[in-house]
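Participant: Dropping the sequence and predicted coords here.
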There are 2 protein chains.
Amino acid sequence: MPDAPARGFSEAEFAARTQQAQILMAEQGLSGLLLMSEPEVRYFSGFHTLFWQSPTRPWFLFIPSAGKPVAVIPEIGADLMRHTWVDDIRTWGAPAPDDDGLSLLTDLLQPLAVRGDTIGLMKGHETSLRMPLGDYERLMNGLSGVKVADATGLIRSLRMLKSKAEIAKISHICAIGTHVFSEVPNMAHAGQPFEDLFRCFRREALLQGADDVPYLVGGAEQGGYHDVISPPTKRPLATGDIFMLDTGATWDGYFCDFDRNFAVGQADDVSRRAYDVLWRATQTGIEAVRPGMTCRDLFQTMQDVIAPMDNRGGNVGRLGHGLGMQLTEWPSLAAFDDTIIQENMVLTLEPSLSYGAGRVMVHEENIVVETNGARLLRG
Amino acid sequence: MPDAPARGFSEAEFAARTQQAQILMAEQGLSGLLLMSEPEVRYFSGFHTLFWQSPTRPWFLFIPSAGKPVAVIPEIGADLMRHTWVDDIRTWGAPAPDDDGLSLLTDLLQPLAVRGDTIGLMKGHETSLRMPLGDYERLMNGLSGVKVADATGLIRSLRMLKSKAEIAKISHICAIGTHVFSEVPNMAHAGQPFEDLFRCFRREALLQGADDVPYLVGGAEQGGYHDVISPPTKRPLATGDIFMLDTGATWDGYFCDFDRNFAVGQADDVSRRAYDVLWRATQTGIEAVRPGMTCRDLFQTMQDVIAPMDNRGGNVGRLGHGLGMQLTEWPSLAAFDDTIIQENMVLTLEPSLSYGAGRVMVHEENIVVETNGARLLRG
């Protein structure tokens, strides 16, 4: 395993991200961005904690038109936030159901409301509102005059392009993921409860240096699996099973995302054919990648390989996606997505097809887009 | 380790949960509940997948005034949903940024809008809107006539009281967690990078039968730690360090949540005193628990033990919380929470205090409330 890169990012990187956002904000007439989701707060501040798994407390980061971000957060996070580059940290004793940050946010945003300014909020595709809807409505009712615009496109345009340091982190976890998958033939055997294989896989990933394996799903059935999002059962693996593991392992808050297929003892002919099609679709996709093409183009290139075996498009809805702080990010490799593929995007190519009586197969590789095409992230 | 209970729940349990919700809906004048968050969709349907970690696709479950829930979900989840007790499963090919379920939801809710009915949505404390805010606004604009009420209290009143099967799952993972913590003195040693201890801890938890350890944070510093939500660093443990591990491990989708403190080689006197205070606060809390008291009462009982050493209330904001499908759930053991403690609630008692120059210490136990008081969940 190669040495791990440094954890975290330089202050210069956070400053550059913030300045880039502020340039776009000025272009789009936004006086501020109000962010509240884990990847966005982390992207601009470096605030990195698993504590977001507790749904109890909201967290806010405000990007003003100039200067550093302002954190409006529960007191329990103050110490950790003080270790980031953020200076202006405003806290309250959360949880406080009657006022979970609303007074502090109102103080911060009132001057913008008075001026009739517009603030950006992430309201678009692949986002959620990570605060109580009732509190959001109360906040906005108290800020009459402020306008709200959707900043999803702005954030997306920044986050889709990875920095060198981000790519190093993703490369590292991809190398770990690849090594763990190479051990699967030594871990899995007929008679093994599928859930035990999951435990072995997670333990091996930790041993190889992953921080965690937040995502591990799969399917195992005779002659092919039906479902690609299930947790494992106790059912023992049997000769003739086709099984798939889909993992999102993490290192320093960045994901790899691989689907791999295995046959126990032997594979039936139709599953072999499906596997061959997916392999060729992946290979064709990797070779086709060039900065300047659209996601739709790349989708179509892979779909053309798949169509002779399955022209219904499967049930996954796309043939790959962005990858980074989240297991799945913009863009989508799909007919609906005309995003231009650019250098330093990290993407997964995840062709899928349906075959036989409700069988499905998926395969997934991770790439970074470089000047001349794709570089496979596999260690 | 005791044998694991059965995975999943009986169809009768889902039916009972749904009927109980419908009784409360009738009392509160709600014609339906529109749910979209992981625990709620799982609570009423049994739909259990890690796929929620992908933020790309929204998922909806509608509870009508009578009859089974209706699922409105991405096609990729159809196979898994068909294995639940839900019959009416409406799917679309997601992701579809222009129409990610909105048409299907509109079809479903239009009759209620025409009648001017009220639907319940979770808008309150400790909730998020797990769909794009822009899509929510579009949906509601297209349903003129429908009224929206906050159903947080309704859902909370159901989910706070655990069934026998839920308690069995939580007990099981608490037993696993307890065993793993008992191994920490064998795992941890001076000179060990703190992040290596985290890897050992996670691997041990998997070996002992946990499905996963989604949450593991902690602190380690000479004479006491400053922060309770951080990921680990490479800093090696040293004699005189006080360290704390806070884990949320899971089994079949239910959490344990323990904070445990350790000293490397020796503990300083002030940290020993802080530990003694937290131990006594926990013990006093456990002994005080009775159905019929309020969360505020239980909070105060523990706070009275802590106050002689720290009367500022710490920075955690409460001294415990509900536990179940989420790492932290309602209620809060806090001065603001007058929820009545009832039989079959599962709670954590998590006293904390600040001491010295910005040191903090937390300790946490998990209990189930029974007729005569607390039963400690520790295997």
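Facilitator: Everything's here; your move.

Participant: Now do the residue lying closest to A:V114 once chain neighbours are set aside against A:E126, distance only.
Facilitator: Nearest residue to A:V114, sequence neighbours excluded (C-beta to C-beta, 6 or more residues apart in numbering or on different chains): A:G145, at 6.3 Å. From N, CA and C alone the C-beta is placed, and that goes for glycine too. Between A:G145 and A:E126 the computed distance is 30 Å (C-beta to C-beta, to the nearest Å).

Participant: repeat for A:A26
Facilitator: 25 Å.

Participant: Name the residue in these two with the higher neighbour count.
Facilitator: A:E126 (24 against 12; other C-beta atoms under 10 Å in any protein chain shown).

Participant: Which element, helix or strand, includes that one?
Facilitator: Counting by DSSP states H and E, no helix or strand carries A:E126.

Participant: Can you give me every residue that contacts it?
Facilitator: A:152, A:328-330, B:55-56, B:95, B:132 (C-beta atoms under 8 Å, 6 or more residues apart in numbering or on different chains).

Participant: Tell me which of the residues you listed fall in strands.
Facilitator: Cross-referencing those against strands under DSSP state E gives A:329-330.

Participant: and the contacts of A:E126 as a markdown table, adding pLDDT and distance to B:V70?
Facilitator: Listed next are those as a markdown table, based on pLDDT from 0 to 100; distance: C-beta to C-beta, whole Å:
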| residue | pLDDT | distance to B:V70 |
| --- | --- | --- |
| A:T152 | 98 | 29 |
| A:T328 | 97 | 26 |
| A:E329 | 97 | 30 |
| A:W330 | 97 | 30 |
| B:P55 | 96 | 23 |
| B:T56 | 96 | 22 |
| B:P95 | 96 | 21 |
| B:P132 | 98 | 21 |
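
Participant: Reformat the contacts of A:E126 as TSV; add neighbour count.
Facilitator: Listed next are the contacts of A:E126 as TSV, based on neighbours: other C-beta atoms under 10 Å in any protein chain shown:
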residue	neighbour count
A:T152	20
A:T328	25
A:E329	25
A:W330	26
B:P55	20
B:T56	24
B:P95	25
B:P132	23
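
Participant: will you turn the contacts of A:E126 into JSON lines that also has distance to A:E137?
Facilitator: Below are those laid out as JSON lines (distance: C-beta to C-beta, whole Å):
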{"residue": "A:T152", "distance to A:E137": "20"}
{"residue": "A:T328", "distance to A:E137": "29"}
{"residue": "A:E329", "distance to A:E137": "28"}
{"residue": "A:W330", "distance to A:E137": "27"}
{"residue": "B:P55", "distance to A:E137": "22"}
{"residue": "B:T56", "distance to A:E137": "26"}
{"residue": "B:P95", "distance to A:E137": "27"}
{"residue": "B:P132", "distance to A:E137": "16"}
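
Participant: Tell me if I'm right that A:G46 and A:F14 touch.
Facilitator: Yes. Counting by C-beta atoms under 8 Å, A:G46 does reach A:F14; the two are 5.8 Å apart.

Participant: Quick check: neighbours shared by those two?
Facilitator: Contact with both A:G46 and A:F14 is made by residues A:84-85, according to C-beta under 8 Å, 6+ apart.

Participant: which ones are touching the residue nearest in space to the middle of chain A?
Facilitator: Nearest residue to the geometric centre of chain A (C-alpha atoms, centre = their mean): A:Q326, 2.1 Å. A:Q326 makes contacts with A:39, A:255, B:54-55, as judged by C-beta under 8 Å, 6+ apart.

Participant: Quick check: which element contains it?
Facilitator: Using DSSP H and E, A:Q326 sits in no helix or strand.

Participant: again with A:L154
Facilitator: helix A:152-159.

Participant: How about A:F299?
Facilitator: In the assignment (DSSP H and E), A:F299 maps to helix A:295-306.

Participant: give me every residue that touches A:S171.
Facilitator: By C-beta under 8 Å, 6+ apart, the residues touching A:S171 are A:368, A:377, A:379.

Participant: now the residues you listed as CSV including distance to A:S65?
Facilitator: Formatted as CSV, the contacts of A:S171 follow (distance: C-beta to C-beta, whole Å):
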residue, distance to A:S65
A:V368, 32
A:L377, 36
A:G379, 42
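
Participant: Nearest residue to A:H189 in space, please, no chain neighbours.
Facilitator: Nearest residue to A:H189, sequence neighbours excluded (C-beta to C-beta, 6+ apart): A:L237, at 6.9 Å.

Participant: quick one on the thing from earlier: could I get the contacts of A:Q326 in TSV, plus columns for distance to A:S354?
Facilitator: Converted to TSV, the contacts of A:Q326 look like this (distance: C-beta to C-beta, whole Å):
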residue	distance to A:S354
A:P39	32
A:F255	26
B:S54	20
B:P55	25
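
Participant: Go through those residues and say which is closest to A:N311.
Facilitator: Proximity of these to A:N311 (C-beta to C-beta) peaks at B:S54, which lies at 25.4 Å.

Participant: By neighbour count, which of the contacts of A:S171 wins?
Facilitator: A:L377 (24 neighbours).

Participant: Show me chain A divided up by domain.
Facilitator: If you go by automatic domain parsing, the domain ranges for chain A are A:11-159, A:164-376.

Participant: Reformat the ones you listed as CSV; add distance to B:L102.
Facilitator: Below are these laid out as CSV (distance: least, C-beta to C-beta, whole Å):
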stretch, distance to B:L102
domain A:11-159, 12
domain A:164-376, 15
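
Participant: circling back to that earlier point, check contacts around the residue nearest to A:H189.
Facilitator: By C-beta under 8 Å, 6+ apart, the contact set of A:L237 is A:188-194, A:197, A:220, A:243, A:264.

Participant: Inside strands: which ones of the residues you listed?
Facilitator: Among the contacts of A:L237, the members found in strands (DSSP E) are A:220, A:243.

Participant: Buried by neighbour count, from the contacts of A:L237: which ones?
Facilitator: Buried residues within these, defined by neighbour count using 16 or more other C-beta atoms under 10 Å in any protein chain shown: A:188, A:192, A:194, A:197, A:220, A:243, A:264.

Participant: ok, A:A334 touching A:T294?
Facilitator: No. When contacts are counted by C-beta under 8 Å, A:A334 is not listed as touching A:T294 (10.5 Å).

Participant: Out of these two, name the residue with the larger neighbour count.
Facilitator: Between A:A334 and A:T294, counted using other C-beta under 10 Å, the more crowded position is A:A334 (25 against 15).

Participant: Grab the nearest non-local neighbour of that one.
Facilitator: Distance criterion C-beta to C-beta, 6+ apart; nearest residue to A:A334, sequence neighbours excluded, is A:R318 at 3.8 Å.

Participant: Can you give me every residue that contacts that neighbour?
Facilitator: Residues in contact with A:R318, defined by C-beta under 8 Å, 6+ apart, are A:299, A:332-334, A:337, A:350, B:95.

Participant: what's the answer for A:H172, then?
Facilitator: Contacts of A:H172 by C-beta under 8 Å, 6+ apart are A:2, A:4-5, A:251-252.

Participant: before we move on, the earlier item: check for me that the residue nearest to A:A334 belongs to a helix.
Facilitator: No. According to DSSP: H, G, I helix; E, B strand; the rest coil, A:R318 belongs to no helix; its state is coil.
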